[in-house]
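Student: fold the following and give me the result.
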Amino acid sequence: MSERTERDWNDYIEGQTPLQGYGLIDGYPWYFRARGDSWSLGIVEDKTIDCECLPLVGCCSGWLIEESWGEWPSAGYMDEEIAWSLIEDTFKKFRENRLTYTHVENCE
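Tutor: This is a model prediction of the structure:
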């Protein structure tokens with residue numbers, strides 16, 4: 001497991017196939033996953049949700065990015081430093097309002 005804490009965010013990533021991460025960005029819970037030939041990071045709008053209960057984007061309102069990465073199954077074996085750089089880049093996009101927001105009625 002690898003942990004990082006920066007200004008207004010904290011998190012950890014662990015594992016392989018999938019490589020996963022959880023944490024908070026500006027108080028919003030987030031979940032990162034790299035598996036197969038893609039990676040994704042979802043940020044849930046409801047700040048009361050425990051980040052370790054994610055992924056919930058699609059069930060709850062929030063922001064999501066999903067991108068291709070390598071050939072199957074290389075994303076699941078992604079180096080942690082590459083994952084950190086993707087996570088940090090996504091946080092920058094989030095703070096600049098450049099992520100797709102999805103509103104879901106009746107989040108449960």
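Student: now the helices for the protein?
Tutor: Assigned helices in the chain, in chain order: 80-95 (criterion: DSSP state H).
Student: spit out the contact partners of the closest residue to Pro73 other than its chain neighbours.
Tutor: When the adjacent residues along the chain are set aside, Pro73 lies closest to Gly36, with 5.5 Å between them (Cβ to Cβ, 6 or more residues apart in numbering). The way it works is simple: take the backbone N, C-alpha and C, and place the C-beta from them, glycine included. With contact set as Cβ atoms under 8 Å, 6 or more residues apart in numbering, Gly36 has these partners: 72-73, 75-76.
Student: and Gly36, how far is that from Glu67?
Tutor: Taking Cβ to Cβ, to the nearest Å as the measure, Gly36 falls 12 Å from Glu67.
Student: distance check, Pro66 against Gly27.
Tutor: Just so we're on the same page, residue 66 is Glu rather than Pro. The gap separating Glu66 from Gly27 is 23 Å, by Cβ to Cβ.
Student: between those two, who's got more neighbours?
Tutor: Regarding Glu66 and Gly27, a neighbour count based on other Cβ atoms under 10 Å identifies Glu66 as having more, with 12 against 9.
Student: quick check: that one touching Arg35?
Tutor: No - using Cβ atoms under 8 Å, Glu66 makes no contact with Arg35, being 11.2 Å away.
Student: quick one on the thing from earlier: show the pLDDT at the residue nearest to Pro73.
Tutor: Gly36 is assigned a predicted lDDT (pLDDT) of 96.
Student: got phi/psi on it?
Tutor: Backbone geometry at Gly36, expressed as degrees, to the nearest 10, gives phi 70, psi -110.
Student: cool, Gly15 as well?
Tutor: Dihedral angles of Gly15 (phi, psi; degrees, to the nearest 10) stand at phi 80, psi 180.
Student: local confidence estimate at it?
Tutor: Per the predicted model, pLDDT is 81 at Gly15.
Student: quick one: it from Gly27, how far?
Tutor: The spacing between Gly15 and Gly27, counted by Cβ to Cβ, is 25 Å.
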